[in-house]
Every structure is written in C-alpha cells, then in structure tokens.
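Participant: Below are the sequence and a predicted model; questions follow.
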Amino acid sequence: MRRILTATGDTWAVVGLSGNTRRAAYGVAAVLQRYGKRIVPVHPKAETVHGEQGYASLADIPFPVDVVDVFVNSGLAGGVADEAVAIGAKAVWFQLGVVDEAAYARTRAAGLDMVMDHCPAIEIPLLD
C-alpha cells in the first residue's frame, strides 16, 4: 500500500466517481486531491467532479494513469482490473468490500501492484 500511495504516481483514475456527494467515491477522491493526487473521474456519465474532467471509460482517458481506484461491486471489479492492465496503469486499488482473487492474480501476473479491500483515504493519512 505504501508504495502505491507514495511512489507509484499521482494520477488516479477513480472508477465509479460521479457528482453524487453521498457516494463514498466522492469523499475519497477529495481526500486524494488533498494529498496531491490528480483524480480522474471514470463513470458512464463522464461528469466533471472536483474540478476534473470525467471520462466514460478508462480507455477514453487520453493520458497515462498511474493508479486505478475501483468503486464498483466485486462482480464487475475484475473487468475493471483487466482494463487497467490494458491501458498500462501501474497499480489497481480495490476499495473496501471489493474482492476478486482471480483478478488479483491476473493483475499481479501482468506486473501491476494491487490492493484489495482497503481505502486509500483511510491509509494515506497514516503515512504521516
């Protein structure tokens, strides 16, 4: 976790991030921004969130992404991890409650770092 949070890079695609302030992704993205991360909202609505242009999919992002932070249910998360590999991300982060052991194995086999069932907004302040 420490390597992803400190050394992997500062561009984080947040899959499932929309303008809905009641969703966990909205608050987590704000924390990541406070810690110097550039967040990239990824949601079918492609909304601008926290001042950052949104994209409908990871494949639509026209610049490199370092970390893909996944706020979808476990049944969909493996597909997102595969997309993260396809776009050349360096790491995948599955949020609290998101677990897919097969996706973890595929992602690690592809050379990416990966975290499951943790929240960066909880972990990053612990680095101080």
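Facilitator: Good, I have the coordinates.

Participant: What average pLDDT does stretch 68-82 get?
Facilitator: The average pLDDT for stretch 68-82 rounds to 96.

Participant: From one end of it to the other, what's the distance?
Facilitator: 11 Å (C-alpha to C-alpha, to the nearest Å).

Participant: Can you point out the buried residues in that stretch?
Facilitator: Buried residues in stretch 68-82, counted by 16 or more other C-beta atoms under 10 Å: 68-72, 74, 77-78, 80-81. C-beta coordinates here come from the backbone N, C-alpha and C atoms, glycine included.

Participant: chain center to it, what's the gap?
Facilitator: Centroid separation for stretch 68-82 versus its chain: 9 Å, with C-alpha atoms, centre = their mean, to the nearest Å.

Participant: Tell me the first helix or strand C-terminal of the biggest helix by length in the chain.
Facilitator: Longest helix in the chain by number of residues (criterion: DSSP state H): helix 74-87. Proceeding N to C from helix 74-87, the next assigned helix or strand is strand 91-94, under DSSP states H and E.

Participant: Note down every partner strand of that next one and its orientation.
Facilitator: When pairing is defined by DSSP bridges, strand 91-94 lines up against strand 67-70 (parallel), strand 113-115 (parallel).
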